[in-house]
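Q: Give me the fold of what follows.
(one chain, ligands or ions: 1)
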Amino acid sequence: MEKHVLLSPPDLSGNELSYVEQALQDNWIAPVGPHIDAFEEEFAAQVGSSHAVAVSSGTAGLHLALLAAGVSAGDVVFCSDFTFAASVNPILYQQAIPVLIDSDQTTWNLSADLLEEAFKKESKKPKAVIVAHIYGQVAELTRIKKLCDEYGAVLIEDACESLGSTYHGKHSGTIGDIGVYSFNGNKIITTSGGGMIVTNKAHLAKKMRYWSAQAKTPAPYYLHEEVGYNYRLSNILAGIGRAQLKTLASKVEKRRANFERYHEAFLENEKIQIMPMDLPGVRSNRWLTVVKIKQPAKVMEALAAKRIESRLNWNPMHRQPFLKTATFYKANEIAVSDQLFANGLCLPSGSNLTKEEQDYVIQQVKLLCDSKENE
Ligand SMILES: Cc1ncc(COP(=O)(O)O)c(C=O)c1O
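A: Numbering: from 1, shown residues only. Got it, this is the predicted structure:
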């Protein structure tokens, strides 16, 4: 294939330019402006949350969520182990102590059983729990939320990968106390870089918006009573976000259709196992489709030679040198996150992936997995 088949490239709706042009014409080239306000309102309405705060990245959003949860130096925060480092970094920005929790086999996300064990065993209880919904699959939120409520921990959903996924009819990110989404270039909708925080608590939204714009106290001169951050999304990028948001529903359908096609294509192949199907009540956005195979690194390299981009699964947090002293809860000798890392390969899953491109990917993956060299 001539064209490079990418993992999850941006998918423009065609209307982005008119929003950007409007911002330029009106001279709103700032981290304030009408697109930001409108993007926040439209986003909150779309996911069914009372408040939304637009920020410069998902990481910035998670940092502000921890601040809103009152997390400071020496506090404990429980966090998913099978995730991207950006879920955990903000805990360290606050000089707090991350405790890592392994995944379960059915959701690939933070295990409610292990969370319960950690709540019981840890003498210092956590101020917050960060649960990441990886590849669009949603964690077992009913139990997780119940446990957080019981132990008085703020539940932060890292929904950076799961915008558009629903859990018993509610959007992922809106079930805990605070939810955070990412609009990074590879996400289901993108502003090139950006993020959104949602919450139903007005006072938390107000506080996070205030911190995101340098914590300015209204006064005729510059007055700052607290440390602030330069985390606000720009008005131009919010314009791109508005255009992208309008196509979210169709992007979810396209990614779900990709998943279905992969699922059907690999059904009969015993060497290729697809990620779990949706659990009852869950509807994943299928941000990335993942297969479990014997030699993912070798297959990834061979696919690259065929102009197909794929990625290994997240390398779990307990394996990261910067977290080597963190406590890690797992149920068995070999952690679920380790198995997922050892066998998982993310396949091209963009909402603009053509049928022809996907057929080519399927053909190459089958060829490589059936080959003796990759056993
Ligand atoms: C699970 C997860 N958390 C957090 C982030 C951070 O988002 P951002 O890149 O917008 O800072 C990402 C993606 O990049 C992610 O995949």
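
Q: Up against the ligand, what does the stretch 151-300 of the chain have?
A: 158, 160-161, 182, 184, 195 (Cβ under 6 Å from any ligand atom). From N, CA and C alone the C-beta is placed, and that goes for glycine too.

Q: so of those, which ones are in helices?
A: Among these, none falls in helices (DSSP state H).

Q: can you map out the strands along the stretch 101-250 of the chain?
A: 128-132, 154-158, 166-167, 170-171, 178-182, 195-199 (DSSP state E, counting those that start in this stretch).

Q: would TSV of the ones you listed with mean neighbour count be doable?
A: Formatted as TSV, the strands of the stretch 101-250 of the chain follow (neighbours: other Cβ atoms under 10 Å):
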stretch	mean neighbour count
strand 128-132	29
strand 154-158	28
strand 166-167	22
strand 170-171	20
strand 178-182	30
strand 195-199	28
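
Q: got JSON lines for these, with mean pLDDT too?
A: Listed next are the strands of the stretch 101-250 of the chain as JSON lines, based on pLDDT from 0 to 100:
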{"stretch": "strand 128-132", "mean pLDDT": "98"}
{"stretch": "strand 154-158", "mean pLDDT": "98"}
{"stretch": "strand 166-167", "mean pLDDT": "98"}
{"stretch": "strand 170-171", "mean pLDDT": "98"}
{"stretch": "strand 178-182", "mean pLDDT": "98"}
{"stretch": "strand 195-199", "mean pLDDT": "98"}
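
Q: Tabulate these in TSV, adding columns for distance to S80.
A: Shown next, in TSV, are the strands of the stretch 101-250 of the chain (distance: least, Cβ to Cβ, whole Å):
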stretch	distance to S80
strand 128-132	4
strand 154-158	7
strand 166-167	16
strand 170-171	19
strand 178-182	13
strand 195-199	18
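
Q: Walk me through the domains of the chain.
A: With domains defined by automatic domain parsing, the chain comprises 16-245, 248-374.

Q: what's the most buried one of the ones you listed?
A: domain 16-245 (a mean of 21; mean count of other Cβ atoms under 10 Å).

Q: related to what we said a few turns ago, and the residues of the stretch 151-300 of the chain next to the ligand, which is closest to K254?
A: E161 (16.1 Å; Cβ to Cβ).

Q: and the closest residue to that closest one other than its chain neighbours, what pLDDT?
A: Nearest non-adjacent residue to E161, counting by Cβ to Cβ, 6 or more residues apart in numbering: W287, 4.9 Å away. At W287, the model reports a pLDDT of 98.

Q: for E2, same thing?
A: On the pLDDT scale, E2 gets 78.

Q: Count the residues that sit near it.
A: Neighbour count of E2, defined by other Cβ atoms under 10 Å: 4.

Q: among the domains of the chain, which is nearest K3?
A: It's domain 248-374; of the domains of the chain, that one is closest to K3 (Cβ to Cβ) at 7.2 Å.

Q: where's the residue of the chain found nearest the ligand relative to S87, distance?
A: In the chain, no residue comes nearer to the ligand than G58, which is 2.7 Å away by Cβ to the nearest ligand atom. In this structure, G58 and S87 are 9 Å apart, going by Cβ to Cβ, to the nearest Å.

Q: now swap in N332 and tell me
A: 23 Å.

Q: likewise A302?
A: 30 Å.

Q: quick one: the strands in the stretch 251-375 of the chain?
A: Using DSSP E, counting those that start in this stretch, strands in the stretch 251-375 of the chain cover 273-274, 282-283, 289-292, 311-312, 327-329, 344-347.

Q: who wins for proximity to R209 among the ones you listed?
A: Per Cβ to Cβ, nearest to R209 of the strands of the stretch 251-375 of the chain: strand 282-283, 30.1 Å.

Q: Strand partners (parallel or antiparallel) of that closest one?
A: strand 166-167 (antiparallel) (DSSP bridges).

Q: thinking again about what came up before, so the residue of the chain closest to the ligand touches C160, yeah?
A: Yes - using Cβ atoms under 8 Å, G58 is in contact with C160, at 4.1 Å.
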